[in-house]
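Asks: below are the sequence and a predicted model for it; my questions follow.
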Amino acid sequence: MTDTLDLLDGVSAHMVSGVPGLAFNASGTYPTGVTGIFHMLMPATPDEVVVVTWVPQTEDPSLPQGVGVLQIRCRGAVNKPRRPIELLDQIAVLFLGKMTIPLTSTLQIMQVRDRVRASLGMDESKRWDWTDNYTLDVAYTPTAARPDGGNW
């Protein structure tokens with residue numbers, strides 16, 4: 001895989017391990033009664049979902065570490081405006097202020113620096129959508145240009 005896809009999968013697994021009722025399946029199919037995690041695209045259904053997106057911000061190919069924004073969006077079911085906030089608060093415990101979260105044997109979150117929360121409003125089906133955006137320092141998988149430990 002790639003660092004971006006490994007990061008999304010690793011973050012999803014980390015959330016599943018710490019938030020009851022969350023599930024991740026790369027195929028995007030989930031049984032009734034769990035809240036599914038999707039990557040990069042908000043699906044039309046089911047109502048209650050979590051969507052994870054990674055946006056790299058600063059990378060130098062010769063340095064082992066980069067900075068990016070991890071967006072975690074939560075949408076609640078109809079007439080349950082508090083549920084997205086509840087999910088984001090539970091997820092925040094896993095990330096906010098944390099250091100060294102291993103995602104694979106060669107990729108890890110080094111530091112979660114900050115969080116910005118925003119309401120994305122209510123959609124036409126009256127489902128509330130909220131987002132938390134975290135600034136992360138990430139230690140990437142070494143490459144030929146980015147050797148293990150970097151060119152420091």
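Replies: Looks like it arrived, so ask away. Residues are numbered from 1 along each chain as shown.

Asks: quick check, central residue of the chain?
Replies: In the chain, the residue lying closest to the centroid (CA atoms, centre = their mean) is V52, at 4.1 Å.

Asks: confirm for me that that residue is in contact with F38.
Replies: Yes. Here V52 lies in contact with F38, judged by CB atoms under 8 Å, at a distance of 7.4 Å. C-beta here means a position set from N, CA and C on the backbone, and glycine is covered the same way.

Asks: secondary structure element for V116, which one?
Replies: Per DSSP states H and E, V116 falls inside strand 108-122.

Asks: which residues does V112 contact?
Replies: F95, L96, G97, K98, M99, I101, Y134, T135, L136 (CB atoms under 8 Å, 6 or more residues apart in numbering).

Asks: the first one and D89, how far apart?
Replies: So that's F95. 11 Å (CB to CB, to the nearest Å).

Asks: neighbour count: the two, which is higher?
Replies: Ranked by neighbour count (other CB atoms under 10 Å), F95 and D89 place F95 first, with 20 against 14.

Asks: now do the helices in the chain.
Replies: Assigned by DSSP state H, the helices in the chain fall at 3-18, 83-95.
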